[in-house]
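Chemist: Sequence below, structure please.
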Amino acid sequence: MPELQPLLNSNLSARFVDLAEDRSCRAKWIGMGLMAAAGVLLIYLFPGSAEQDTDYHFLMARTALVDHSLFVNVWARPLFTTLFAPAAQLGYAAARFFALLISLAVAWQTYRLANDLQLRRPWLVMFILLGEPVFFELYTDLYTETLFALVFVLALRCHMGGSVKRGMLIASLLPLARPEGVFLCILWGMWALIRREPDSDRAPSFATAMRRFPSTFILALGVVCWWLAALILTADPLFILHNWPGTWHKGVYGHGTYLSYAGRSLEFAGGLLIVPFVAGLCFRMRSRSWLPITSSFLLLFLLHSIFRRFGLFGEAGYPRYMVSVAPATAVLTLDGWNRMMSINLPRPILRLLGFTTLALSILTSVLYVDAMSWARDPIAIDEMAGWLKQHFFPLPEVIWSNGRMCSVLDLNFKSSPALSGHENLIVRLREAPSGSIVFWDDHIGPDWFGMTAADIEQQGYRPLRDRQYLLHAVLYPDDRFLQIPWAPFVNLLGPRELKLSLLQKPRFSGTGH
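Modeler: Alright, predicted model coming up:
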(Lines give C-alpha, C1' and ligand atoms only; values in the text may rest on other atoms or scores of the structure.)
Protein backbone atom coordinates (compact mmCIF):
# COMPACT_ATOMS: atom_id res chain seq x y z
CA MET A 1 0.00 0.00 0.00
CA PRO A 2 2.96 2.41 -0.11
CA GLU A 3 1.65 3.93 -3.35
CA LEU A 4 -1.48 5.11 -1.49
CA GLN A 5 0.46 7.14 1.09
CA PRO A 6 1.03 10.24 -1.10
CA LEU A 7 -2.65 10.23 -2.01
CA LEU A 8 -3.68 10.00 1.66
CA ASN A 9 -1.30 12.82 2.58
CA SER A 10 -2.69 14.95 -0.25
CA ASN A 11 -6.26 14.34 0.88
CA LEU A 12 -5.41 15.19 4.50
CA SER A 13 -3.69 18.40 3.42
CA ALA A 14 -6.70 19.36 1.32
CA ARG A 15 -9.02 18.72 4.27
CA PHE A 16 -6.90 20.88 6.58
CA VAL A 17 -6.92 23.69 3.98
CA ASP A 18 -10.71 23.40 3.62
CA LEU A 19 -11.16 23.50 7.41
CA ALA A 20 -8.92 26.57 7.68
CA GLU A 21 -10.86 28.31 4.89
CA ASP A 22 -14.17 27.44 6.57
CA ARG A 23 -12.97 28.91 9.87
CA SER A 24 -11.72 32.03 8.09
CA CYS A 25 -15.04 32.39 6.25
CA ARG A 26 -17.02 32.11 9.47
CA ALA A 27 -14.68 34.49 11.27
CA LYS A 28 -14.98 37.22 8.63
CA TRP A 29 -18.78 37.15 8.79
CA ILE A 30 -18.68 37.13 12.57
CA GLY A 31 -16.41 40.17 12.39
CA MET A 32 -18.72 42.00 9.99
CA GLY A 33 -21.75 41.07 12.09
CA LEU A 34 -20.08 42.30 15.26
CA MET A 35 -19.16 45.61 13.61
CA ALA A 36 -22.69 46.09 12.29
CA ALA A 37 -24.34 45.22 15.62
CA ALA A 38 -21.95 47.43 17.61
CA GLY A 39 -22.56 50.26 15.15
CA VAL A 40 -26.34 50.06 15.58
CA LEU A 41 -25.92 50.12 19.36
CA LEU A 42 -23.63 53.16 19.13
CA ILE A 43 -26.19 55.03 17.04
CA TYR A 44 -28.95 54.43 19.59
CA LEU A 45 -26.90 54.76 22.79
CA PHE A 46 -24.95 57.85 21.69
CA PRO A 47 -27.36 60.06 19.70
CA GLY A 48 -24.79 62.77 18.98
CA SER A 49 -21.13 63.48 18.58
CA ALA A 50 -18.31 64.81 20.70
CA GLU A 51 -17.56 67.56 18.16
CA GLN A 52 -19.51 70.24 16.34
CA ASP A 53 -17.89 69.20 13.05
CA THR A 54 -20.35 66.34 12.59
CA ASP A 55 -23.39 68.55 13.16
CA TYR A 56 -22.14 71.09 10.64
CA HIS A 57 -21.28 68.40 8.09
CA PHE A 58 -24.80 67.03 8.48
CA LEU A 59 -26.43 70.46 8.16
CA MET A 60 -24.37 71.31 5.08
CA ALA A 61 -25.33 68.02 3.45
CA ARG A 62 -28.99 68.65 4.29
CA THR A 63 -28.87 72.24 3.02
CA ALA A 64 -26.96 71.44 -0.19
CA LEU A 65 -30.17 70.58 -2.05
CA VAL A 66 -31.39 74.16 -1.57
CA ASP A 67 -27.99 75.88 -1.59
CA HIS A 68 -26.01 74.10 -4.31
CA SER A 69 -22.78 75.96 -3.55
CA LEU A 70 -22.41 73.69 -0.51
CA PHE A 71 -21.78 70.77 -2.86
CA VAL A 72 -18.44 72.39 -3.71
CA ASN A 73 -17.73 74.05 -0.36
CA VAL A 74 -14.13 73.55 0.76
CA TRP A 75 -14.82 72.91 4.44
CA ALA A 76 -17.91 70.78 3.76
CA ARG A 77 -15.82 68.43 1.53
CA PRO A 78 -17.46 67.93 -1.90
CA LEU A 79 -17.34 64.13 -1.89
CA PHE A 80 -18.83 63.86 1.59
CA THR A 81 -21.60 66.37 0.93
CA THR A 82 -22.54 64.81 -2.40
CA LEU A 83 -22.78 61.28 -1.02
CA PHE A 84 -24.50 62.20 2.25
CA ALA A 85 -27.00 64.74 0.90
CA PRO A 86 -29.78 62.17 0.13
CA ALA A 87 -29.44 60.43 3.51
CA ALA A 88 -29.33 63.78 5.34
CA GLN A 89 -32.83 64.59 4.06
CA LEU A 90 -34.09 61.60 6.08
CA GLY A 91 -32.60 62.83 9.34
CA TYR A 92 -29.51 62.59 11.49
CA ALA A 93 -29.99 58.92 12.39
CA ALA A 94 -30.38 57.96 8.72
CA ALA A 95 -27.15 59.79 7.89
CA ARG A 96 -25.37 57.89 10.67
CA PHE A 97 -26.63 54.56 9.34
CA PHE A 98 -25.21 55.56 5.95
CA ALA A 99 -21.91 56.37 7.71
CA LEU A 100 -22.02 52.90 9.27
CA LEU A 101 -22.36 51.34 5.82
CA ILE A 102 -19.30 53.26 4.65
CA SER A 103 -17.28 52.05 7.63
CA LEU A 104 -18.40 48.47 7.06
CA ALA A 105 -17.19 48.86 3.47
CA VAL A 106 -13.84 50.11 4.84
CA ALA A 107 -13.57 47.02 7.04
CA TRP A 108 -14.50 44.67 4.17
CA GLN A 109 -12.01 46.25 1.78
CA THR A 110 -9.30 46.16 4.46
CA TYR A 111 -10.02 42.44 4.84
CA ARG A 112 -9.68 42.06 1.06
CA LEU A 113 -6.41 44.01 1.18
CA ALA A 114 -5.08 41.63 3.84
CA ASN A 115 -6.06 38.75 1.56
CA ASP A 116 -4.30 40.41 -1.37
CA LEU A 117 -1.17 40.64 0.79
CA GLN A 118 -1.56 36.92 1.64
CA LEU A 119 -1.52 37.64 5.35
CA ARG A 120 -2.63 34.92 7.71
CA ARG A 121 -5.84 35.52 9.70
CA PRO A 122 -7.04 38.34 7.38
CA TRP A 123 -10.39 38.46 9.20
CA LEU A 124 -8.61 39.82 12.28
CA VAL A 125 -8.37 43.27 10.68
CA MET A 126 -12.07 43.82 11.47
CA PHE A 127 -11.46 43.26 15.18
CA ILE A 128 -8.26 45.30 14.99
CA LEU A 129 -10.22 48.25 13.58
CA LEU A 130 -12.69 48.00 16.47
CA GLY A 131 -9.72 47.97 18.84
CA GLU A 132 -8.49 51.33 17.51
CA PRO A 133 -10.30 53.85 19.78
CA VAL A 134 -10.64 56.71 17.29
CA PHE A 135 -11.87 54.41 14.52
CA PHE A 136 -14.45 53.05 16.97
CA GLU A 137 -15.45 56.63 17.78
CA LEU A 138 -15.80 57.63 14.12
CA TYR A 139 -17.26 54.62 12.39
CA THR A 140 -20.90 55.55 12.97
CA ASP A 141 -20.39 59.29 13.00
CA LEU A 142 -20.48 61.95 10.33
CA TYR A 143 -16.76 62.61 10.01
CA THR A 144 -14.94 62.71 6.69
CA GLU A 145 -12.04 60.47 7.70
CA THR A 146 -13.88 57.17 7.19
CA LEU A 147 -14.98 58.17 3.68
CA PHE A 148 -11.38 59.11 2.91
CA ALA A 149 -10.29 55.70 4.25
CA LEU A 150 -12.71 53.93 1.90
CA VAL A 151 -11.43 55.78 -1.18
CA PHE A 152 -7.86 55.19 0.01
CA VAL A 153 -8.19 51.42 0.47
CA LEU A 154 -10.04 50.96 -2.84
CA ALA A 155 -7.34 52.89 -4.72
CA LEU A 156 -4.59 51.08 -2.79
CA ARG A 157 -5.95 47.64 -3.72
CA CYS A 158 -6.08 48.62 -7.38
CA HIS A 159 -2.54 49.99 -7.33
CA MET A 160 -1.03 47.00 -5.54
CA GLY A 161 -3.03 44.61 -7.72
CA GLY A 162 -1.50 46.02 -10.91
CA SER A 163 -4.40 48.27 -12.02
CA VAL A 164 -2.26 51.37 -11.60
CA LYS A 165 -4.30 53.80 -13.71
CA ARG A 166 -7.56 52.70 -12.15
CA GLY A 167 -5.97 53.19 -8.76
CA MET A 168 -4.90 56.72 -9.69
CA LEU A 169 -8.40 57.50 -10.96
CA ILE A 170 -9.95 56.47 -7.65
CA ALA A 171 -7.18 58.20 -5.67
CA SER A 172 -7.95 61.45 -7.52
CA LEU A 173 -11.09 61.65 -5.34
CA LEU A 174 -9.02 61.88 -2.15
CA PRO A 175 -8.68 65.72 -2.20
CA LEU A 176 -12.49 65.89 -2.45
CA ALA A 177 -12.77 63.96 0.82
CA ARG A 178 -10.06 65.68 2.88
CA PRO A 179 -7.25 68.22 2.27
CA GLU A 180 -4.58 65.61 3.04
CA GLY A 181 -5.60 63.98 -0.23
CA VAL A 182 -3.53 66.51 -2.17
CA PHE A 183 -0.32 65.40 -0.44
CA LEU A 184 -1.22 61.74 -0.78
CA CYS A 185 -1.88 62.17 -4.51
CA ILE A 186 1.59 63.64 -4.94
CA LEU A 187 3.04 60.61 -3.15
CA TRP A 188 0.83 58.34 -5.29
CA GLY A 189 2.33 59.82 -8.43
CA MET A 190 5.81 58.93 -7.14
CA TRP A 191 4.69 55.33 -6.55
CA ALA A 192 3.44 55.15 -10.13
CA LEU A 193 6.75 56.44 -11.49
CA ILE A 194 9.06 54.11 -9.55
CA ARG A 195 6.97 50.93 -9.58
CA ARG A 196 8.65 47.83 -10.96
CA GLU A 197 7.19 45.84 -13.81
CA PRO A 198 5.51 42.60 -12.69
CA ASP A 199 8.06 40.42 -14.48
CA SER A 200 11.13 42.41 -13.43
CA ASP A 201 13.13 42.77 -10.22
CA ARG A 202 14.92 45.88 -11.43
CA ALA A 203 13.91 49.45 -10.66
CA PRO A 204 12.61 51.34 -13.71
CA SER A 205 15.05 53.51 -15.62
CA PHE A 206 14.77 57.28 -15.78
CA ALA A 207 13.46 57.03 -19.35
CA THR A 208 10.72 54.61 -18.24
CA ALA A 209 9.72 56.91 -15.40
CA MET A 210 9.46 59.84 -17.83
CA ARG A 211 7.25 57.80 -20.17
CA ARG A 212 4.95 57.11 -17.26
CA PHE A 213 4.87 60.72 -16.09
CA PRO A 214 1.93 61.91 -18.29
CA SER A 215 -0.29 59.19 -16.84
CA THR A 216 0.12 60.67 -13.35
CA PHE A 217 -2.06 63.60 -14.41
CA ILE A 218 -4.96 61.24 -13.82
CA LEU A 219 -4.46 62.08 -10.15
CA ALA A 220 -5.57 65.66 -10.86
CA LEU A 221 -8.92 64.68 -12.41
CA GLY A 222 -10.80 64.88 -9.12
CA VAL A 223 -9.69 68.44 -8.45
CA VAL A 224 -10.44 69.42 -12.07
CA CYS A 225 -13.97 68.04 -11.73
CA TRP A 226 -14.36 69.93 -8.45
CA TRP A 227 -13.27 73.17 -10.14
CA LEU A 228 -15.67 72.65 -13.07
CA ALA A 229 -18.57 71.88 -10.71
CA ALA A 230 -17.78 75.01 -8.68
CA LEU A 231 -17.68 77.09 -11.85
CA ILE A 232 -21.05 75.74 -13.02
CA LEU A 233 -22.76 76.09 -9.64
CA THR A 234 -21.34 79.47 -8.58
CA ALA A 235 -20.15 81.11 -11.83
CA ASP A 236 -16.96 82.00 -9.95
CA PRO A 237 -13.79 80.54 -11.54
CA LEU A 238 -11.90 81.20 -8.29
CA PHE A 239 -14.60 79.92 -5.93
CA ILE A 240 -12.36 77.35 -4.26
CA LEU A 241 -9.75 80.00 -3.50
CA HIS A 242 -12.36 82.49 -2.29
CA ASN A 243 -14.06 79.81 -0.19
CA TRP A 244 -10.85 78.60 1.44
CA PRO A 245 -11.29 78.84 5.25
CA GLY A 246 -9.32 81.79 6.60
CA THR A 247 -8.54 80.00 9.88
CA TRP A 248 -6.50 77.36 8.02
CA HIS A 249 -3.73 79.92 7.61
CA LYS A 250 -3.45 80.71 11.32
CA GLY A 251 -2.54 78.85 14.48
CA VAL A 252 -6.20 78.98 15.52
CA TYR A 253 -5.78 75.84 17.68
CA GLY A 254 -2.40 76.81 19.04
CA HIS A 255 0.80 74.85 18.58
CA GLY A 256 2.02 71.45 19.72
CA THR A 257 5.33 69.65 19.44
CA TYR A 258 6.82 67.32 16.86
CA LEU A 259 5.81 64.47 19.17
CA SER A 260 2.15 65.50 19.48
CA TYR A 261 0.90 62.62 17.34
CA ALA A 262 3.41 60.13 18.68
CA GLY A 263 2.10 60.93 22.14
CA ARG A 264 -1.45 60.12 21.04
CA SER A 265 -0.62 57.00 19.05
CA LEU A 266 -2.47 54.82 21.56
CA GLU A 267 -5.68 56.44 20.34
CA PHE A 268 -5.29 55.69 16.65
CA ALA A 269 -3.26 52.46 16.86
CA GLY A 270 -4.86 50.98 19.98
CA GLY A 271 -3.53 50.64 23.50
CA LEU A 272 -2.47 46.98 23.49
CA LEU A 273 -2.34 46.84 19.69
CA ILE A 274 0.41 49.44 19.52
CA VAL A 275 3.03 46.69 20.03
CA PRO A 276 2.11 44.55 16.98
CA PHE A 277 1.57 47.74 14.97
CA VAL A 278 5.07 49.04 15.67
CA ALA A 279 6.49 45.56 14.97
CA GLY A 280 4.70 45.37 11.62
CA LEU A 281 5.71 48.90 10.64
CA CYS A 282 9.38 48.39 11.51
CA PHE A 283 9.59 45.11 9.64
CA ARG A 284 7.68 46.22 6.54
CA MET A 285 9.55 49.50 6.15
CA ARG A 286 12.28 47.42 4.50
CA SER A 287 9.85 45.84 2.02
CA ARG A 288 9.50 47.52 -1.38
CA SER A 289 6.22 45.72 -2.05
CA TRP A 290 4.73 47.30 1.09
CA LEU A 291 5.98 50.79 0.22
CA PRO A 292 2.52 52.22 -0.61
CA ILE A 293 1.20 51.06 2.76
CA THR A 294 4.08 52.17 4.98
CA SER A 295 4.74 55.45 3.18
CA SER A 296 1.06 56.50 3.17
CA PHE A 297 0.84 56.02 6.93
CA LEU A 298 4.16 57.80 7.55
CA LEU A 299 3.19 60.66 5.24
CA LEU A 300 0.05 61.52 7.19
CA PHE A 301 1.74 60.93 10.53
CA LEU A 302 4.65 63.25 9.69
CA LEU A 303 2.49 65.87 7.97
CA HIS A 304 0.14 66.23 10.92
CA SER A 305 3.06 66.24 13.36
CA ILE A 306 4.67 69.11 11.44
CA PHE A 307 1.38 70.97 10.96
CA ARG A 308 0.67 70.67 14.69
CA ARG A 309 4.13 71.94 15.59
CA PHE A 310 3.72 75.11 13.52
CA GLY A 311 -0.08 75.51 13.65
CA LEU A 312 -0.44 75.19 9.88
CA PHE A 313 -3.73 74.53 8.01
CA GLY A 314 -5.74 74.96 11.19
CA GLU A 315 -4.17 71.79 12.61
CA ALA A 316 -6.00 70.89 15.83
CA GLY A 317 -3.93 67.83 16.74
CA TYR A 318 -6.90 65.45 16.74
CA PRO A 319 -5.86 61.78 16.55
CA ARG A 320 -8.95 61.09 14.43
CA TYR A 321 -7.13 62.50 11.41
CA MET A 322 -5.12 59.25 11.31
CA VAL A 323 -8.33 57.26 10.69
CA SER A 324 -7.88 58.41 7.08
CA VAL A 325 -5.26 55.67 6.71
CA ALA A 326 -6.80 53.19 9.16
CA PRO A 327 -6.64 50.36 6.56
CA ALA A 328 -2.85 50.74 6.40
CA THR A 329 -2.64 50.80 10.21
CA ALA A 330 -4.78 47.65 10.43
CA VAL A 331 -2.80 45.52 7.97
CA LEU A 332 0.50 46.61 9.52
CA THR A 333 -0.88 45.62 12.93
CA LEU A 334 -2.03 42.27 11.53
CA ASP A 335 1.40 41.61 10.06
CA GLY A 336 3.04 42.34 13.41
CA TRP A 337 0.38 40.27 15.16
CA ASN A 338 1.09 37.22 12.98
CA ARG A 339 4.80 37.48 13.67
CA MET A 340 4.25 37.73 17.42
CA MET A 341 1.82 34.79 17.35
CA SER A 342 4.56 32.67 15.72
CA ILE A 343 6.77 32.68 18.80
CA ASN A 344 7.57 29.36 20.43
CA LEU A 345 4.77 29.06 23.02
CA PRO A 346 2.01 26.46 23.42
CA ARG A 347 -0.88 27.20 21.07
CA PRO A 348 -3.54 27.41 23.86
CA ILE A 349 -1.50 30.11 25.59
CA LEU A 350 -1.10 32.07 22.35
CA ARG A 351 -4.82 31.85 21.66
CA LEU A 352 -5.65 33.04 25.17
CA LEU A 353 -3.21 35.95 24.86
CA GLY A 354 -4.62 36.88 21.47
CA PHE A 355 -8.26 36.73 22.60
CA THR A 356 -7.48 38.73 25.76
CA THR A 357 -5.63 41.39 23.79
CA LEU A 358 -8.47 41.87 21.30
CA ALA A 359 -11.17 41.81 23.97
CA LEU A 360 -9.38 44.38 26.14
CA SER A 361 -8.66 46.56 23.08
CA ILE A 362 -12.32 46.63 22.04
CA LEU A 363 -13.41 47.25 25.65
CA THR A 364 -10.95 50.15 25.78
CA SER A 365 -12.52 51.59 22.63
CA VAL A 366 -15.96 51.38 24.25
CA LEU A 367 -14.68 53.16 27.36
CA TYR A 368 -13.00 55.77 25.17
CA VAL A 369 -16.31 56.68 23.53
CA ASP A 370 -18.28 56.52 26.78
CA ALA A 371 -15.78 58.88 28.43
CA MET A 372 -16.45 61.67 25.92
CA SER A 373 -18.65 63.93 27.98
CA TRP A 374 -19.24 66.40 25.11
CA ALA A 375 -21.06 63.61 23.27
CA ARG A 376 -23.68 63.59 26.04
CA ASP A 377 -24.91 67.11 25.21
CA PRO A 378 -27.33 65.85 22.50
CA ILE A 379 -29.26 63.91 25.16
CA ALA A 380 -30.07 67.18 26.93
CA ILE A 381 -30.57 69.11 23.68
CA ASP A 382 -33.07 66.53 22.43
CA GLU A 383 -35.10 66.84 25.64
CA MET A 384 -35.21 70.64 25.44
CA ALA A 385 -36.01 70.55 21.72
CA GLY A 386 -38.90 68.16 22.44
CA TRP A 387 -40.35 70.69 24.88
CA LEU A 388 -39.91 73.48 22.33
CA LYS A 389 -41.66 71.58 19.54
CA GLN A 390 -44.47 70.63 21.91
CA HIS A 391 -45.18 74.23 22.89
CA PHE A 392 -44.42 76.07 19.63
CA PHE A 393 -45.88 74.89 16.34
CA PRO A 394 -45.02 76.00 13.77
CA LEU A 395 -41.61 77.06 15.00
CA PRO A 396 -40.70 80.74 14.72
CA GLU A 397 -37.21 81.75 13.65
CA VAL A 398 -34.61 80.00 15.80
CA ILE A 399 -31.17 81.34 16.75
CA TRP A 400 -28.98 78.55 18.11
CA SER A 401 -25.53 78.02 19.57
CA ASN A 402 -25.02 74.26 19.08
CA GLY A 403 -25.45 72.69 15.63
CA ARG A 404 -27.39 69.79 17.18
CA MET A 405 -30.14 72.27 18.07
CA CYS A 406 -30.64 73.11 14.42
CA SER A 407 -30.67 69.52 13.17
CA VAL A 408 -32.94 68.10 15.89
CA LEU A 409 -35.52 70.81 15.12
CA ASP A 410 -35.53 69.64 11.46
CA LEU A 411 -34.05 72.94 10.28
CA ASN A 412 -31.20 73.67 7.87
CA PHE A 413 -28.87 76.56 7.16
CA LYS A 414 -31.42 78.22 4.88
CA SER A 415 -34.24 78.22 7.43
CA SER A 416 -31.95 78.93 10.38
CA PRO A 417 -28.53 80.29 9.42
CA ALA A 418 -25.43 79.55 11.45
CA LEU A 419 -23.87 82.31 13.51
CA SER A 420 -20.36 83.62 12.90
CA GLY A 421 -18.97 85.58 15.82
CA HIS A 422 -20.06 87.96 18.54
CA GLU A 423 -20.78 91.00 16.38
CA ASN A 424 -22.95 89.05 13.93
CA LEU A 425 -24.87 87.58 16.85
CA ILE A 426 -25.64 91.05 18.22
CA VAL A 427 -26.91 92.18 14.80
CA ARG A 428 -29.03 89.10 14.35
CA LEU A 429 -30.57 89.38 17.80
CA ARG A 430 -31.56 92.98 17.09
CA GLU A 431 -32.91 92.31 13.59
CA ALA A 432 -34.74 89.08 14.42
CA PRO A 433 -38.53 89.33 14.02
CA SER A 434 -40.77 89.40 17.09
CA GLY A 435 -41.40 85.96 18.51
CA SER A 436 -37.98 84.59 17.52
CA ILE A 437 -36.57 81.88 19.79
CA VAL A 438 -33.01 81.68 21.07
CA PHE A 439 -31.82 78.14 21.91
CA TRP A 440 -28.61 78.58 23.91
CA ASP A 441 -26.09 76.57 25.94
CA ASP A 442 -23.49 77.60 28.49
CA HIS A 443 -20.48 76.03 26.74
CA ILE A 444 -20.42 76.81 23.01
CA GLY A 445 -22.49 79.97 23.49
CA PRO A 446 -19.90 81.83 25.60
CA ASP A 447 -16.84 80.10 24.06
CA TRP A 448 -17.70 80.66 20.39
CA PHE A 449 -19.90 83.74 20.48
CA GLY A 450 -18.89 85.48 23.71
CA MET A 451 -22.42 85.64 25.07
CA THR A 452 -24.38 83.87 27.78
CA ALA A 453 -28.14 83.46 28.13
CA ALA A 454 -28.08 86.30 30.68
CA ASP A 455 -26.41 88.56 28.10
CA ILE A 456 -29.11 87.69 25.57
CA GLU A 457 -31.76 88.52 28.16
CA GLN A 458 -30.21 91.97 28.46
CA GLN A 459 -30.81 92.40 24.72
CA GLY A 460 -34.55 92.38 25.43
CA TYR A 461 -35.30 88.67 25.19
CA ARG A 462 -37.45 87.06 27.88
CA PRO A 463 -36.61 83.64 29.29
CA LEU A 464 -38.95 80.77 28.46
CA ARG A 465 -37.20 77.83 30.06
CA ASP A 466 -33.87 77.16 31.77
CA ARG A 467 -32.65 73.75 32.79
CA GLN A 468 -29.43 72.48 34.32
CA TYR A 469 -28.42 68.97 33.27
CA LEU A 470 -26.03 66.54 34.92
CA LEU A 471 -25.06 64.04 32.23
CA HIS A 472 -23.33 60.83 33.26
CA ALA A 473 -21.58 58.27 31.11
CA VAL A 474 -24.07 56.16 29.17
CA LEU A 475 -22.70 52.67 29.83
CA TYR A 476 -21.11 53.32 33.25
CA PRO A 477 -23.29 56.00 34.85
CA ASP A 478 -21.15 56.39 37.97
CA ASP A 479 -18.01 56.87 35.82
CA ARG A 480 -16.05 54.35 37.91
CA PHE A 481 -14.48 52.55 34.97
CA LEU A 482 -13.45 55.56 32.92
CA GLN A 483 -9.93 55.95 34.36
CA ILE A 484 -8.32 55.44 30.97
CA PRO A 485 -4.71 56.26 30.02
CA TRP A 486 -5.58 59.17 27.74
CA ALA A 487 -7.91 60.97 30.16
CA PRO A 488 -5.56 63.99 30.26
CA PHE A 489 -6.03 64.34 26.48
CA VAL A 490 -9.81 64.16 26.30
CA ASN A 491 -10.34 65.79 29.72
CA LEU A 492 -13.64 64.04 30.13
CA LEU A 493 -13.78 62.20 33.43
CA GLY A 494 -16.81 62.68 35.63
CA PRO A 495 -20.33 63.85 34.79
CA ARG A 496 -20.98 66.62 32.32
CA GLU A 497 -22.77 69.74 33.53
CA LEU A 498 -24.74 71.60 30.90
CA LYS A 499 -27.23 74.45 31.14
CA LEU A 500 -29.67 75.01 28.29
CA SER A 501 -31.86 78.08 27.90
CA LEU A 502 -34.78 79.05 25.71
CA LEU A 503 -35.48 82.76 25.28
CA GLN A 504 -37.96 84.62 23.08
CA LYS A 505 -38.06 88.06 21.60
CA PRO A 506 -41.26 89.75 22.79
CA ARG A 507 -43.99 89.67 20.17
CA PHE A 508 -44.82 93.30 20.81
CA SER A 509 -42.00 95.73 21.42
CA GLY A 510 -41.81 99.46 21.33
CA THR A 511 -43.87 102.31 22.91
CA GLY A 512 -47.60 101.96 23.21
CA HIS A 513 -47.65 98.18 23.68
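Chemist: nearest residue to Glu397 other than its sequence neighbours?
Modeler: Distance criterion C-beta to C-beta, 6 or more residues apart in numbering; nearest residue to Glu397, sequence neighbours excluded, is Ser436 at 4.3 Å. (Glycine included, C-beta is placed from N, CA and C.)
Chemist: before we move on, what about Gly254?
Modeler: Nearest residue to Gly254 in three dimensions, chain neighbours excluded: Gly311, at 6.5 Å (C-beta to C-beta, 6+ apart).
Chemist: Equivalent analysis for Asn338, please.
Modeler: Closest residue in space to Asn338, ignoring its immediate chain neighbours: Arg120 at 5.0 Å, by C-beta to C-beta, 6+ apart.
Chemist: give me the element the one you found is part of.
Modeler: Arg120 is part of no helix or strand, with elements assigned from DSSP states H and E.
Chemist: one step back: what's the residue nearest to Gly254 sitting at in phi/psi?
Modeler: Dihedral pair for Gly311: phi 70, psi 30, per degrees, to the nearest 10.
Chemist: Distance of it relative to Leu259?
Modeler: Gly311 sits 16 Å away from Leu259, taking C-beta to C-beta, to the nearest Å as the criterion.
Chemist: Give me the more crowded residue out of these two.
Modeler: More crowded of Gly311 and Leu259, by other C-beta atoms under 10 Å: Gly311, with 18 against 12.
Chemist: where does this protein dip in pLDDT?
Modeler: The chain contains residues with pLDDT under 70 at 1-24, 199-201, 248-251, 477-493, 508-513.
Chemist: Now do the strands in it.
Modeler: Here the chain has its strands, by DSSP state E, at 398-400, 437-441, 462-471, 496-504.
Chemist: give the contact list for Leu272.
Modeler: Counting by C-beta atoms under 8 Å, 6 or more residues apart in numbering, Leu272 makes contact with 131, 357, 360-361, 364.
Chemist: pretty sure Tyr321 is in contact with Leu300, am I right?
Modeler: Yes. Using C-beta atoms under 8 Å, Tyr321 is in contact with Leu300, at 7.1 Å.
Chemist: tell me, what's touching those two both at once?
Modeler: With C-beta under 8 Å, 6+ apart, Tyr321 and Leu300 have common neighbours Glu180.
Chemist: all helices of the stretch 401-513 of the chain, in order?
Modeler: Counting by DSSP state H, counting those that start in this stretch, the stretch 401-513 of the chain has helices at residues 403-408, 422-431, 444-449, 453-458, 487-490.
Chemist: Please identify the most buried of these.
Modeler: Highest mean neighbour count of those: helix 403-408, a mean of 26 (counted as mean count of other C-beta atoms under 10 Å).
Chemist: Can you give the domain ranges for the protein?
Modeler: According to automatic domain parsing, the chain comprises the domains 2-370, 373-504.
Chemist: how far does the shortest one sit from the chain's center?
Modeler: For domain 373-504, the distance from its own C-alpha centre to the chain's C-alpha centre is 24 Å (C-alpha atoms, centre = their mean, to the nearest Å).
Chemist: got the end-to-end distance for that domain?
Modeler: One end of domain 373-504 to the other measures 29 Å (C-alpha to C-alpha, to the nearest Å).
Chemist: neighbours of the nearest residue to Asn243 once chain neighbours are set aside, just the number please.
Modeler: Nearest non-adjacent residue to Asn243, counting by C-beta to C-beta, 6+ apart: Val74, 4.8 Å away. When neighbours are defined as other C-beta under 10 Å, Val74 has 17 of them.
Chemist: so Val74 touches His242, yeah?
Modeler: No. When contacts are counted by C-beta under 8 Å, Val74 is not listed as touching His242 (9.4 Å).
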